[in-house]
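1. Quick one: sequence and predicted model below, then my questions.
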Amino acid sequence: MAQKNKSILKESPIQWEKPYFYQNELKFIPKIYLPQSSEDVPENFNAVIVDLDGRIDCDLDWKDAVEIAKKHILAGRWILWNLHLGLFQELEFPLSNVMQFRSLALTLEHFIETIWKPFSSHTLGIVLYQGFVDFRDIPLEENEEKPLELQAQRLFYRDVAINYLNSLIDLLPQSLESFILLDAQNVQEPLSLAELLYEDDFEKMHIAIKNSVLPTQGLVWEIGEAIAGYVSHQEMQLSEQKEIQVAVCLPPPGSAWHEALNQTLITLNQSKTPYRLILEKNIAAEWDGLEKIFVVGEFLSESGKRMLKGFQAAGGIVEDVDILHR
(Lines give C-alpha, C1' and ligand atoms only; values in the text may rest on other atoms or scores of the structure.)
Protein backbone atom coordinates (compact mmCIF):
# COMPACT_ATOMS: atom_id res chain seq x y z
CA MET A 1 0.00 0.00 0.00
CA ALA A 2 1.33 3.42 -0.93
CA GLN A 3 2.41 5.73 1.85
CA LYS A 4 1.52 9.36 2.36
CA ASN A 5 3.95 12.07 1.38
CA LYS A 6 6.84 12.04 3.85
CA SER A 7 8.74 14.94 2.32
CA ILE A 8 7.36 17.36 4.92
CA LEU A 9 8.11 16.09 8.40
CA LYS A 10 6.02 18.09 10.86
CA GLU A 11 4.53 16.46 13.89
CA SER A 12 0.78 16.83 14.09
CA PRO A 13 -0.41 18.76 17.17
CA ILE A 14 -3.30 16.29 17.46
CA GLN A 15 -2.85 12.52 17.62
CA TRP A 16 -5.50 9.89 17.11
CA GLU A 17 -5.88 6.59 18.91
CA LYS A 18 -9.14 4.82 18.14
CA PRO A 19 -11.72 6.10 18.87
CA TYR A 20 -10.41 9.38 20.36
CA PHE A 21 -8.17 12.29 19.45
CA TYR A 22 -5.47 13.40 21.91
CA GLN A 23 -3.64 16.67 22.46
CA ASN A 24 -0.56 16.59 24.68
CA GLU A 25 -1.61 13.07 25.75
CA LEU A 26 -4.98 14.38 26.98
CA LYS A 27 -8.25 13.31 25.37
CA PHE A 28 -9.49 15.92 22.91
CA ILE A 29 -13.15 15.90 21.81
CA PRO A 30 -13.52 17.84 18.54
CA LYS A 31 -16.66 19.97 18.47
CA ILE A 32 -16.44 21.21 14.90
CA TYR A 33 -18.71 24.01 13.79
CA LEU A 34 -20.22 23.69 10.33
CA PRO A 35 -21.05 27.27 9.25
CA GLN A 36 -24.46 27.93 7.72
CA SER A 37 -23.67 31.58 6.99
CA SER A 38 -21.33 34.24 8.35
CA GLU A 39 -22.83 34.18 11.84
CA ASP A 40 -20.61 33.99 14.92
CA VAL A 41 -19.47 30.58 16.11
CA PRO A 42 -21.15 29.45 19.35
CA GLU A 43 -18.63 29.53 22.18
CA ASN A 44 -18.69 25.80 23.01
CA PHE A 45 -17.17 24.83 19.67
CA ASN A 46 -13.40 24.27 19.68
CA ALA A 47 -12.96 23.91 15.91
CA VAL A 48 -14.55 25.25 12.75
CA ILE A 49 -14.77 24.25 9.10
CA VAL A 50 -13.32 26.74 6.64
CA ASP A 51 -14.26 26.21 2.99
CA LEU A 52 -11.74 26.31 0.16
CA ASP A 53 -12.85 26.10 -3.48
CA GLY A 54 -10.45 23.67 -5.12
CA ARG A 55 -12.50 22.71 -8.15
CA ILE A 56 -10.65 22.39 -11.42
CA ASP A 57 -12.17 25.53 -12.96
CA CYS A 58 -11.56 27.83 -9.95
CA ASP A 59 -8.66 30.27 -9.51
CA LEU A 60 -7.47 28.88 -6.11
CA ASP A 61 -7.63 32.35 -4.60
CA TRP A 62 -8.12 31.57 -0.91
CA LYS A 63 -7.25 34.96 0.60
CA ASP A 64 -10.73 35.51 2.08
CA ALA A 65 -10.75 32.02 3.59
CA VAL A 66 -7.34 32.64 5.12
CA GLU A 67 -8.59 35.83 6.79
CA ILE A 68 -11.58 33.95 8.19
CA ALA A 69 -9.28 31.22 9.49
CA LYS A 70 -6.99 33.76 11.19
CA LYS A 71 -9.93 35.14 13.17
CA HIS A 72 -10.89 31.68 14.36
CA ILE A 73 -7.30 30.91 15.30
CA LEU A 74 -7.11 34.10 17.37
CA ALA A 75 -10.26 32.90 19.13
CA GLY A 76 -8.49 29.65 20.01
CA ARG A 77 -10.22 27.35 17.54
CA TRP A 78 -8.77 24.58 15.40
CA ILE A 79 -9.34 24.71 11.65
CA LEU A 80 -10.74 21.85 9.61
CA TRP A 81 -10.18 22.85 5.98
CA ASN A 82 -12.98 21.73 3.65
CA LEU A 83 -11.23 21.50 0.29
CA HIS A 84 -14.03 21.26 -2.26
CA LEU A 85 -12.47 19.33 -5.15
CA GLY A 86 -15.78 18.51 -6.81
CA LEU A 87 -15.60 14.87 -5.71
CA PHE A 88 -17.31 13.19 -7.26
CA GLN A 89 -20.40 14.59 -8.93
CA GLU A 90 -18.80 17.77 -10.25
CA LEU A 91 -15.86 16.10 -11.98
CA GLU A 92 -16.02 16.59 -15.74
CA PHE A 93 -14.38 13.32 -16.70
CA PRO A 94 -14.37 9.71 -15.44
CA LEU A 95 -11.95 8.93 -12.61
CA SER A 96 -9.63 7.18 -15.06
CA ASN A 97 -8.77 10.52 -16.70
CA VAL A 98 -5.08 11.18 -15.97
CA MET A 99 -5.07 14.91 -16.68
CA GLN A 100 -7.99 15.43 -14.33
CA PHE A 101 -6.13 13.64 -11.53
CA ARG A 102 -2.99 15.69 -12.20
CA SER A 103 -5.04 18.88 -11.95
CA LEU A 104 -6.40 17.79 -8.56
CA ALA A 105 -2.86 16.89 -7.49
CA LEU A 106 -1.71 20.43 -8.33
CA THR A 107 -4.55 21.80 -6.20
CA LEU A 108 -3.34 19.68 -3.27
CA GLU A 109 0.20 20.94 -3.84
CA HIS A 110 -1.11 24.52 -3.74
CA PHE A 111 -2.99 23.73 -0.53
CA ILE A 112 0.17 22.37 1.11
CA GLU A 113 2.22 25.44 0.19
CA THR A 114 -0.31 28.19 0.90
CA ILE A 115 -2.49 26.73 3.65
CA TRP A 116 -1.00 23.78 5.46
CA LYS A 117 2.58 25.02 5.83
CA PRO A 118 1.66 28.38 7.42
CA PHE A 119 -1.25 26.97 9.47
CA SER A 120 -0.20 23.39 10.28
CA SER A 121 0.03 24.05 14.02
CA HIS A 122 -3.62 25.17 14.04
CA THR A 123 -4.96 22.61 11.58
CA LEU A 124 -7.13 19.70 12.66
CA GLY A 125 -7.18 18.23 9.17
CA ILE A 126 -8.61 18.40 5.67
CA VAL A 127 -12.02 17.29 4.36
CA LEU A 128 -11.78 15.77 0.88
CA TYR A 129 -15.32 14.47 0.39
CA GLN A 130 -18.82 14.83 1.72
CA GLY A 131 -21.70 12.86 0.31
CA PHE A 132 -23.54 9.57 0.49
CA VAL A 133 -21.99 6.48 2.03
CA ASP A 134 -22.55 4.46 -1.15
CA PHE A 135 -20.63 7.02 -3.27
CA ARG A 136 -23.36 6.88 -5.89
CA ASP A 137 -22.16 10.10 -7.55
CA ILE A 138 -19.00 8.61 -9.11
CA PRO A 139 -18.38 9.30 -12.83
CA LEU A 140 -17.30 6.14 -14.64
CA GLU A 141 -16.50 5.21 -18.20
CA GLU A 142 -19.72 4.66 -20.20
CA ASN A 143 -18.76 1.09 -21.07
CA GLU A 144 -17.48 0.14 -17.60
CA GLU A 145 -19.25 -2.95 -16.31
CA LYS A 146 -20.95 -2.74 -12.94
CA PRO A 147 -22.51 -5.49 -10.82
CA LEU A 148 -26.27 -5.92 -11.11
CA GLU A 149 -27.09 -6.67 -7.46
CA LEU A 150 -27.61 -3.55 -5.32
CA GLN A 151 -25.14 -4.26 -2.51
CA ALA A 152 -22.52 -5.47 -4.98
CA GLN A 153 -22.98 -2.17 -6.84
CA ARG A 154 -22.56 -0.22 -3.61
CA LEU A 155 -19.34 -2.08 -2.78
CA PHE A 156 -18.07 -1.55 -6.34
CA TYR A 157 -18.62 2.22 -6.16
CA ARG A 158 -17.18 2.32 -2.64
CA ASP A 159 -13.99 0.56 -3.75
CA VAL A 160 -13.52 2.89 -6.71
CA ALA A 161 -14.09 5.97 -4.54
CA ILE A 162 -11.80 4.88 -1.72
CA ASN A 163 -9.01 3.96 -4.11
CA TYR A 164 -9.24 7.41 -5.68
CA LEU A 165 -9.36 9.18 -2.32
CA ASN A 166 -6.38 7.15 -1.08
CA SER A 167 -4.41 8.15 -4.18
CA LEU A 168 -5.06 11.81 -3.33
CA ILE A 169 -4.29 11.31 0.37
CA ASP A 170 -0.94 9.77 -0.56
CA LEU A 171 0.04 13.18 -1.96
CA LEU A 172 -0.52 14.92 1.39
CA PRO A 173 1.91 15.28 4.30
CA GLN A 174 1.87 12.28 6.59
CA SER A 175 0.92 14.35 9.62
CA LEU A 176 -2.11 15.96 7.93
CA GLU A 177 -5.27 14.08 8.96
CA SER A 178 -7.81 13.45 6.20
CA PHE A 179 -11.58 13.43 6.80
CA ILE A 180 -14.67 12.44 4.83
CA LEU A 181 -18.29 13.24 5.75
CA LEU A 182 -20.73 10.43 4.92
CA ASP A 183 -24.53 10.38 4.95
CA ALA A 184 -25.94 6.87 5.49
CA GLN A 185 -29.62 7.75 5.07
CA ASN A 186 -30.01 5.55 1.98
CA VAL A 187 -28.43 2.43 3.57
CA GLN A 188 -30.60 1.32 6.47
CA GLU A 189 -29.76 -2.40 6.58
CA PRO A 190 -27.12 -2.71 9.35
CA LEU A 191 -25.07 -5.40 7.59
CA SER A 192 -25.08 -3.48 4.30
CA LEU A 193 -23.75 -0.41 6.09
CA ALA A 194 -21.19 -2.46 8.04
CA GLU A 195 -19.83 -3.81 4.77
CA LEU A 196 -19.60 -0.33 3.26
CA LEU A 197 -17.76 0.99 6.33
CA TYR A 198 -15.38 -1.97 6.58
CA GLU A 199 -12.62 -0.58 8.78
CA ASP A 200 -9.50 -1.62 6.85
CA ASP A 201 -10.61 0.23 3.74
CA PHE A 202 -10.75 3.59 5.55
CA GLU A 203 -7.47 3.37 7.45
CA LYS A 204 -6.11 6.56 5.86
CA MET A 205 -9.08 8.76 6.74
CA HIS A 206 -11.44 9.72 9.53
CA ILE A 207 -15.17 9.31 8.96
CA ALA A 208 -17.83 11.67 10.28
CA ILE A 209 -21.18 10.01 9.68
CA LYS A 210 -24.86 10.85 10.00
CA ASN A 211 -28.03 8.76 9.87
CA SER A 212 -26.09 5.63 10.80
CA VAL A 213 -27.92 2.48 11.95
CA LEU A 214 -24.66 1.27 13.52
CA PRO A 215 -22.89 2.48 16.68
CA THR A 216 -20.54 5.32 15.77
CA GLN A 217 -16.91 4.76 16.76
CA GLY A 218 -15.65 8.11 15.51
CA LEU A 219 -17.19 11.49 14.71
CA VAL A 220 -20.87 12.19 14.14
CA TRP A 221 -21.98 14.52 11.36
CA GLU A 222 -25.02 16.45 12.68
CA ILE A 223 -27.28 13.43 13.34
CA GLY A 224 -26.41 10.56 15.67
CA GLU A 225 -25.08 9.69 19.11
CA ALA A 226 -21.83 11.62 19.54
CA ILE A 227 -19.22 10.10 21.83
CA ALA A 228 -15.84 11.00 20.35
CA GLY A 229 -16.83 14.35 18.78
CA TYR A 230 -19.03 15.87 16.12
CA VAL A 231 -19.38 18.13 13.08
CA SER A 232 -22.54 20.25 13.28
CA HIS A 233 -24.07 23.70 12.80
CA GLN A 234 -25.50 23.49 16.32
CA GLU A 235 -24.22 22.19 19.62
CA MET A 236 -24.81 18.48 20.21
CA GLN A 237 -25.10 16.64 23.50
CA LEU A 238 -22.15 14.31 24.01
CA SER A 239 -23.05 10.81 25.16
CA GLU A 240 -21.00 9.00 27.76
CA GLN A 241 -18.96 6.07 26.55
CA LYS A 242 -20.96 3.04 27.65
CA GLU A 243 -19.28 -0.12 28.83
CA ILE A 244 -19.26 -2.38 25.81
CA GLN A 245 -19.30 -6.10 26.56
CA VAL A 246 -20.60 -7.36 23.21
CA ALA A 247 -18.96 -7.37 19.79
CA VAL A 248 -19.94 -8.57 16.35
CA CYS A 249 -17.17 -10.05 14.21
CA LEU A 250 -17.62 -8.98 10.60
CA PRO A 251 -16.89 -11.30 7.69
CA PRO A 252 -14.87 -9.86 4.80
CA PRO A 253 -16.84 -7.45 2.57
CA GLY A 254 -18.35 -9.12 -0.44
CA SER A 255 -19.06 -12.35 1.42
CA ALA A 256 -22.44 -13.89 0.69
CA TRP A 257 -25.31 -11.95 2.26
CA HIS A 258 -25.96 -13.33 5.71
CA GLU A 259 -29.47 -12.65 6.99
CA ALA A 260 -28.78 -14.14 10.43
CA LEU A 261 -25.92 -11.67 10.97
CA ASN A 262 -28.08 -8.77 9.77
CA GLN A 263 -30.85 -9.88 12.13
CA THR A 264 -28.37 -10.05 15.01
CA LEU A 265 -27.40 -6.42 14.39
CA ILE A 266 -31.07 -5.39 14.19
CA THR A 267 -31.80 -7.19 17.48
CA LEU A 268 -28.88 -5.51 19.23
CA ASN A 269 -30.09 -2.12 17.97
CA GLN A 270 -33.67 -2.74 19.06
CA SER A 271 -32.61 -3.87 22.53
CA LYS A 272 -30.26 -0.85 22.78
CA THR A 273 -27.42 -3.21 23.72
CA PRO A 274 -24.06 -1.40 23.45
CA TYR A 275 -21.85 -3.24 20.98
CA ARG A 276 -19.00 -2.69 18.59
CA LEU A 277 -17.90 -4.18 15.31
CA ILE A 278 -14.54 -5.91 15.07
CA LEU A 279 -12.58 -7.54 12.28
CA GLU A 280 -11.50 -11.14 12.62
CA LYS A 281 -7.79 -10.27 12.52
CA ASN A 282 -8.29 -7.90 15.50
CA ILE A 283 -10.12 -10.31 17.82
CA ALA A 284 -7.16 -10.92 20.14
CA ALA A 285 -6.17 -7.24 20.21
CA GLU A 286 -9.69 -5.95 20.91
CA TRP A 287 -11.34 -8.50 23.19
CA ASP A 288 -10.44 -6.68 26.40
CA GLY A 289 -13.66 -5.90 28.29
CA LEU A 290 -15.78 -8.12 26.05
CA GLU A 291 -17.95 -10.91 27.41
CA LYS A 292 -19.50 -12.10 24.16
CA ILE A 293 -18.60 -12.11 20.45
CA PHE A 294 -21.12 -12.94 17.73
CA VAL A 295 -19.57 -14.64 14.69
CA VAL A 296 -20.53 -16.27 11.40
CA GLY A 297 -18.90 -19.67 11.83
CA GLU A 298 -18.76 -20.53 8.14
CA PHE A 299 -16.67 -17.43 7.35
CA LEU A 300 -14.06 -17.89 10.11
CA SER A 301 -10.48 -18.68 9.14
CA GLU A 302 -8.34 -21.11 11.10
CA SER A 303 -6.52 -18.14 12.65
CA GLY A 304 -9.84 -16.63 13.71
CA LYS A 305 -10.98 -19.90 15.26
CA ARG A 306 -7.75 -20.11 17.29
CA MET A 307 -8.20 -16.56 18.59
CA LEU A 308 -11.78 -17.32 19.58
CA LYS A 309 -10.65 -20.39 21.49
CA GLY A 310 -8.29 -18.12 23.41
CA PHE A 311 -11.19 -15.74 24.09
CA GLN A 312 -13.29 -18.65 25.39
CA ALA A 313 -10.40 -19.91 27.52
CA ALA A 314 -10.33 -16.46 29.14
CA GLY A 315 -14.02 -16.81 30.03
CA GLY A 316 -15.61 -15.24 26.95
CA ILE A 317 -18.69 -16.49 25.12
CA VAL A 318 -18.78 -17.07 21.35
CA GLU A 319 -22.19 -17.17 19.65
CA ASP A 320 -22.56 -18.43 16.07
CA VAL A 321 -25.43 -16.41 14.58
CA ASP A 322 -26.37 -19.31 12.31
CA ILE A 323 -27.15 -21.43 15.36
CA LEU A 324 -28.75 -18.53 17.20
CA HIS A 325 -31.29 -17.80 14.43
CA ARG A 326 -32.21 -21.35 13.36
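-> The structure has been received and is ready for your questions.

2. what's near enough to touch Cys249?
-> If a contact means Cβ atoms under 8 Å, 6 or more residues apart in numbering, then Cys249 has Ile278, Leu279, Glu280, Ile283, Ile293, Phe294, Val295, Val296, Leu300, Gly304 as its contacts. Using the backbone N, CA and C atoms, a C-beta is placed for each residue, glycine as well.

3. Now, of these, which are buried?
-> Buried residues within the contacts of Cys249, counting neighbours by 16 or more other Cβ atoms under 10 Å: Ile278, Leu279, Glu280, Ile283, Ile293, Phe294, Val295, Val296, Leu300, Gly304.

4. Turn the contacts of Cys249 into CSV, columns for pLDDT.
-> Putting these into CSV (pLDDT from 0 to 100) gives the following:
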residue, pLDDT
Ile278, 92
Leu279, 91
Glu280, 91
Ile283, 95
Ile293, 97
Phe294, 96
Val295, 95
Val296, 93
Leu300, 91
Gly304, 93
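
5. Closest to Glu177 out of the residues you listed?
-> The nearest member of the contacts of Cys249 to Glu177, counting by Cβ to Cβ, is Leu279 at 21.7 Å.

6. So that closest one sits against Glu203, correct?
-> No: look at Leu279 against Glu203 with Cβ atoms under 8 Å: they stay out of range, at 11.1 Å.

7. Among the contacts of Cys249, which one lies nearest to Gly86?
-> Within the contacts of Cys249, the smallest distance to Gly86 is 32.5 Å, found for Leu279 (Cβ to Cβ).

8. So which of the buried ones among the contacts of Cys249 are in helices?
-> Secondary-structure check on these using DSSP state H: residues within helices are Ile283, Gly304.

9. want to try a markdown table for the buried ones among the contacts of Cys249, with distance to Glu199 as columns?
-> Converted to a markdown table, the buried ones among the contacts of Cys249 look like this (distance: Cβ to Cβ, whole Å):
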| residue | distance to Glu199 |
| --- | --- |
| Ile278 | 9 |
| Leu279 | 6 |
| Glu280 | 11 |
| Ile283 | 13 |
| Ile293 | 16 |
| Phe294 | 17 |
| Val295 | 16 |
| Val296 | 17 |
| Leu300 | 18 |
| Gly304 | 15 |
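
10. okay, now the domains of this structure?
-> In terms of domains, the chain is parsed into 15-232, 246-324 (source: automatic domain parsing).

11. Just give me the residue closest to the centre of this protein.
-> Nearest to the mean C-alpha position of the chain, counting by Cα atoms, centre = their mean, stands Ile207 at 1.9 Å.

12. SS state for Gly310?
-> In three-state terms, and counting by DSSP: H, G, I helix; E, B strand; the rest coil, Gly310 is helix.

13. so how many other residues sit close to it?
-> Neighbourhood size, Gly310 [other Cβ atoms under 10 Å]: 12.

14. Spatially nearest residue to it, not counting backbone neighbours?
-> Using Cβ to Cβ, 6 or more residues apart in numbering and skipping residues adjacent in sequence, the residue nearest Gly310 is Ala284, 6.5 Å away.

15. ranges for the strands of the stretch 1-150 of the chain?
-> When assigned using DSSP state E, counting those that start in this stretch, the strands of the stretch 1-150 of the chain occupy the ranges 15-17, 20-23, 26-28, 31-33, 47-53, 78-84, 123-132.

16. can you give me the helices in the stretch 51-200 of the chain?
-> With DSSP state H, counting those that start in this stretch as the definition, the stretch 51-200 of the chain shows helices at residue ranges 63-74, 98-111, 117-119, 150-169, 190-196.

17. Give me the distance between the shortest one and the centre of its chain.
-> Translated: helix 117-119. Centroid separation for helix 117-119 versus its chain: 25 Å, with Cα atoms, centre = their mean, to the nearest Å.

18. and what of stretch 29-37?
-> 17 Å.

19. measure it end to end?
-> Between the opening and closing residues of stretch 29-37 we find a distance of 24 Å, counting by Cα to Cα, to the nearest Å.

20. do the same with stretch 115-126
-> The separation between the terminal residues of stretch 115-126, taken as Cα to Cα, is 11 Å.

21. In it, which residues are buried?
-> Going by neighbour count (16+ other Cβ under 10 Å), the buried part of stretch 115-126 is Ile115, Trp116, Phe119, Ser120, His122, Thr123, Leu124, Gly125, Ile126.

22. Same check on stretch 74-92?
-> The neighbour-count criterion (16+ other Cβ under 10 Å) identifies 77-88, 91 as the buried residues of stretch 74-92.

23. I'd like those residues laid out as JSON lines, including pLDDT.
-> Listed next are those as JSON lines, based on pLDDT from 0 to 100:
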{"residue": "Arg77", "pLDDT": "96"}
{"residue": "Trp78", "pLDDT": "96"}
{"residue": "Ile79", "pLDDT": "97"}
{"residue": "Leu80", "pLDDT": "98"}
{"residue": "Trp81", "pLDDT": "98"}
{"residue": "Asn82", "pLDDT": "98"}
{"residue": "Leu83", "pLDDT": "98"}
{"residue": "His84", "pLDDT": "97"}
{"residue": "Leu85", "pLDDT": "97"}
{"residue": "Gly86", "pLDDT": "96"}
{"residue": "Leu87", "pLDDT": "95"}
{"residue": "Phe88", "pLDDT": "94"}
{"residue": "Leu91", "pLDDT": "94"}
